[in-house]
Every structure is written in structure tokens, then in C-alpha cells.
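# test case, fold it:
(one chain, ligands or ions: 1)
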Amino acid sequence: MGALEQVETGKQGLIISRNPATGEVLGEVREMDAPEVRAAVERARGAQKVWATRSVKERACSLRRFRAVLVKHSEELCSLIAKESGKTRAEALTMELVTTCDLITYFCKRAPEVLKPHSISLHLLKNRSSYIHYVPRGIVGVISPWNFPFAIPIGETVMALIAGNGVVLKPSEVTPMVALKAKQLYDESGMPPELFQVVTGRGSTGAALVDAGIDYCNFTGSTATGRKIGAACGERLIPCMLELGGKAPAIVCADADVDRTARALVWGGFANQGQVCASVERVYVHSAIYDELCEKIIAETSKLRQGDPCSDGVDAGSMTWEHQVEIVEARIKNAVDAGAQLRSGGKRYGQGLGFEPTVLTDCRSDMEVMKKEIFGPVLPLMKVADEEEAIALANDSNLGLMAYVFTDDRKKGQRIAERIEAGMVMINDCLIVYGAPETPWQGIKQSGIGRTHSDDGLRDLCQSRHVNYDRIALKRELWWYPYSDALYRQTSTLLKWIFR
Ligand code: NAD
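Take a look at the predicted model:
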């Protein structure tokens, strides 16, 4: 299967979706043009005006019905996610469906409190008072990638809806069928059908969405596309959230529990075939335990059961996109040519896009595999003299999404975590914080702008508006006209008295 073949354009303007593990055709979708995208935004806008008048609790009540429909159709949904993305059914269930249902539950409960107006007490202007209230932004354009074809677009959509917005979603051209299935289940749940629209197509359809009069852009994808979308939003003065690429480092201290760390890194590097923005992408191991950890990781990797993602008892499914497999092959070749040791995996298996979980040892910091995003099942390991060297190398990157620290000393772990230039750091585990919707999911450097999940992420989906009013109405205020020498003298005295 060639790179473009998998998302080939069939008849005029049709994109064909295939199962990456087998090549089976799953369906075809239309490549929508700019007028169609604009019409979808307008339809959503009509419904949003009504939706915004409903209380947050009423919106939550409706979204719980959507969750119930998702649960009712969970088997069907998991099968489709596994078929279209190549991840195992276990991953489809835990990483996509459970996380999304939990996110719906969490925000339905939490949103009324988070979006409630709150007052600000004024320390100087004692006769006045302020409060902040939250107004939905309007129409949120959600543009999403292929690695989590359900959890990312639907999680972002649900957050936007509960905040009172309408949503137009442009799913990845690699995995459009999952988004269309989610839309069908959404419609079945009795939610206002026009409020949430799905527009299918490639990058040009995404670009058309940014240009279609949306009020906020929620983008998850590569840094290269994020840069274009940020520029397009800047041009139109639309606020945006950009969740972009990662190159998560893992620092393994000399005192780390070697068995547990090996198991954690194997999972953190290979889950979802390494196609997670927060996958462990480079491991810096203290020289005192380097050899032992490498052997344990190789042993744990050899236990992984590869095969058809839709069969039971498979740990490692298929990669999703031919183009990504080619990137992974190039990264491995480049590393081996530069002197890295290929200790496990390194090649395709099966008829489709299966790729063996791959362990590279003896990596050096100047290798491409330690610098550029891999986004595939490759775990490159490098020996470091001490934690200081590991921190310096971890920070020597243009990306800063996630990082990991492994140590038996929690305080030391926190000290190291706070020195790492990443939006999120986990100590002694990997990835799972995406499933904690109360915490912010966020990148710094070129890994993104803004955040999703968390109270702040929900509020970002609203305009925060400030109202200031008089608590005590005076006949006139000190600072009004006419200005006088007396006013100047009094203010000058106050300045010296208050700020001395
Ligand atoms: P991508 O940037 O190629 O595509 C993402 C989406 O953007 C797709 O729907 C695509 O059609 C659309 N698009 C492409 N060009 C566009 C344009 N000019 N205007 C508007 N839309 C456009 O990314 P991908 O290959 O689908 O996903 C993989 C990348 O996503 C990796 O870099 C990964 O790290 C990143 N990612 C980040 C997070 C995060 O939370 N930070 C999560 C998942 C994936």
C-alpha cells in the first residue's frame, strides 16, 4: 500500500478509508470545498444561538445522553476505531472510549461550577466591585489528527459544547469514518443535530474551516501544520489552541526501580504503536543502571504479542498510515548508519502496516532519532553520566510537550521535573495523565499554545467578560473632572502613604 494510496482520492473528490492492517476498504468520504464548509458553519451557528441560552446544567444533561449512546454502541465503536486506526481493541476501549466517557462525566459535573460567574474583590477601588462571567465563543472549529480518531475530536467537541458553543469538526483524512460514526451516534442521542457538524477532506478543507467565520480554532496535529493554522488565525484575529508535536524525553536516575521502569518505558514507547504525541521518544539512562535497564527493556519487548489489532490477546497492533511507517524506517536506518545498535524489531510484519516494536541502544544526542519526532514504535536509549547531563539533553529540543522522570526518590523526581522544559512531566509512569481531564494537557516551546482539559481549558472555550459596578454610589468620584491642585496634592499624599 503506498502512502497516498491509503488516503487516495477515488472518484472525483472522494477519499477512500482503509484498514491499515489488512488494506480492506472501510468506506469513502467526500472532500468538501470552501462553500460547503462555510455552509456547515452557518448551520451550526443557527443552532448554537439556541444552545447558548440553555443553562450549563441542561447542556450537561443532554451530553450525558450522548455518553449513554456511546456506551450502548461501545463494541461497534471499538471495532471501527481498531479497524480504521490499527490500534488494538483494548487500546480503542481504554485510550479512546473510556477516556472520552470519563471526560464527559467529569465536565458535565464540573462545568456548572467552573463556568459560574465569579467576583474579584478590588483592593483599591473599595466603592466598586467586579465580576467575570463566561460567554460561549460561538462556533469552534476542531481540526484533528489520526492517532486518536475518537478521543481527540470527540473530547474537544464535548468540551466546546458544554461551554455553550457549536462545533464544526474536520477529522483527519486518514481516519474519517470514526468521526462520521461519532456524529451518527451524536444525532441518535437527541442532541441538536445542526449544533455539531463534521466536514470531511484534507488540509485544504481544514484551511477552509479556519477561513469560514469560526470564532475559535482548536487544532491538534503536527508542528508544521500548527504553524500554518496559527498564522491563518492571526491573520483573522481568531483565538486558537494548538496541541502540536512532541519528543518526550525520559530521564532514568540511578536509583530507579529497574523492573518497573523497563515495563513503564516499553508501554510508554509502544502503546498505540508509538503514535502518541506523548510517547517516550528518547531515553537518557544513568550509566550505573544502563546495561541492566537495556537488557530488561529488550526482554519486555520480546514478550509483546503482535498481530491483527481486532483479535484478542494482541499487544501491538498496526501503525495507521503508510507515510508514518516510512518516517519510522528512515529514522531507524539513520540511527543504525550513525552507530546505534538495533537490539529488537526494526522491520514491518504482516500484510499491512504492522511494525515491530524496536529498541535502539548506544544512541547519541546528535542522532536524528534523538532529535526529531519519530511517532512510531521505536525506543532509543542513550547512556548519560549523571542526571545533570540528562536534564541538559532533555531540554535541548525545540519541542516541550511531555517528559518523564524515573526515580525512587519522589522529592528528587519533583526537583528534576521542575527543571524540565515541558508543559507536562510525569514521575514513574507514562501517558496516563491524558486520562485525567481535571489536569491541563499542554505543550510549551513548539509543542503548542494554550491547553485543553482542566478548568482553564474549559474556560478558554468561552470569552471571559468583565463587569465592573458601583457598590456604593457617590455623587461624584475623586478622579472625575474638574482636576484641581487639591486633587493633585491629595493623590500625591496618598501615593506616598500607600506605596511608601
Ligand atoms: P497533521 O498536522 O498532518 O494533520 C492534522 C490535521 O490538520 C488533519 O486533519 C489535516 O487534514 C489538517 N490540516 C493539514 N493541513 C492543514 C492546513 N493547512 N489548514 C488546516 N488544516 C490542515 O498531523 P497528523 O499527521 O494528522 O498528526 C500527527 C501529529 O499530531 C504529530 O506531530 C503528533 O505529535 C501531533 N499530535 C499532537 C497531540 C497533542 O496533544 N499535542 C495529540 C495528537 C497528535
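# quick one: the closest residue to Val25 other than its chain neighbours and Ala338, what's the gap?
Closest residue in space to Val25, ignoring its immediate chain neighbours: Arg18 at 5.6 Å, by Cβ to Cβ, 6 or more residues apart in numbering. From N, CA and C alone the C-beta is placed, and that goes for glycine too. Plainly put, Arg18 is 34 Å away from Ala338 if you go by Cβ to Cβ, to the nearest Å.
# these two: which has the busier surroundings?
Taking neighbours as other Cβ atoms under 10 Å, Arg18 and Ala338 compare with Arg18 leading, 24 against 15.
# quick check: the more buried one touching Leu26?
Yes: with contacts counted by Cβ atoms under 8 Å, Arg18 reaches Leu26, the gap being 6.3 Å.
# roughly how far does the nearest residue to Val174 once chain neighbours are set aside sit from Tyr284?
Closest residue in space to Val174, ignoring its immediate chain neighbours: Trp146 at 3.8 Å, by Cβ to Cβ, 6+ apart. Plainly put, Trp146 is 29 Å away from Tyr284 if you go by Cβ to Cβ.
# contacts only, for the residue of the stretch 101-250 of the chain found nearest the ligand.
Nearest residue of the stretch 101-250 of the chain to the ligand (Cβ to the nearest ligand atom) works out as Gly206 at 2.2 Å. With contacts defined as Cβ atoms under 8 Å, 6 or more residues apart in numbering, Gly206 is in contact with Ile143, Lys170, Thr225, Ile229.
# now swap in Gly245 and tell me
Ser222, Thr223, Gly226, Cys277, Glu373, Phe375, Leu399, Leu401, Gln446, Ser447 are the contacts of Gly245 under Cβ under 8 Å, 6+ apart.
# likewise for Lys247?
By Cβ under 8 Å, 6+ apart, the residues touching Lys247 are Glu281, Arg282, Lys371, Lys372, Glu373, Ser397, Leu399, Leu401.
# list the helices and strands the helix or strand encompassing Glu389 packs on?
In the assignment (DSSP states H and E), Glu389 maps to helix 387-395. Secondary-structure packing of helix 387-395 (3 or more Cβ pairs under 8 Å, 6 or more residues apart in numbering; DSSP states H and E): strand 248-252, strand 280-286, strand 378-384, helix 410-419.
# and the angle from the last one to strand 248-252?
So that's helix 410-419. Here the directions of helix 410-419 and strand 248-252 differ by 150 degrees (axes from the mean of the first three to the mean of the last three Cα atoms, to 10 degrees).
# show me where the stretch 151-300 of the chain has its helices.
Counting by DSSP state H, counting those that start in this stretch, one finds helices in the stretch 151-300 of the chain at the ranges 151-162, 176-188, 203-210, 223-236, 258-270, 290-302.
# among these, which is the most enclosed?
Greatest average neighbour count among the helices of the stretch 151-300 of the chain goes to helix 151-162 (a mean of 26), per mean count of other Cβ atoms under 10 Å.
# put the alpha carbons of that one into PDB.
Extracted C-alpha coordinates of helix 151-162, given in PDB (Å, rounded to 0.1, in the frame of the first residue of the first chain):
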ATOM      1  CA  ALA A 151     -10.800  10.600  21.800                       C
ATOM      2  CA  ILE A 152      -9.200  13.800  20.500                       C
ATOM      3  CA  PRO A 153     -12.000  15.100  18.200                       C
ATOM      4  CA  ILE A 154     -14.900  14.000  20.400                       C
ATOM      5  CA  GLY A 155     -13.200  15.000  23.700                       C
ATOM      6  CA  GLU A 156     -12.600  18.500  22.300                       C
ATOM      7  CA  THR A 157     -16.100  18.600  20.800                       C
ATOM      8  CA  VAL A 158     -17.700  17.800  24.100                       C
ATOM      9  CA  MET A 159     -15.800  20.400  26.000                       C
ATOM     10  CA  ALA A 160     -16.700  23.000  23.400                       C
ATOM     11  CA  LEU A 161     -20.400  22.000  23.500                       C
ATOM     12  CA  ILE A 162     -20.700  22.000  27.300                       C
END
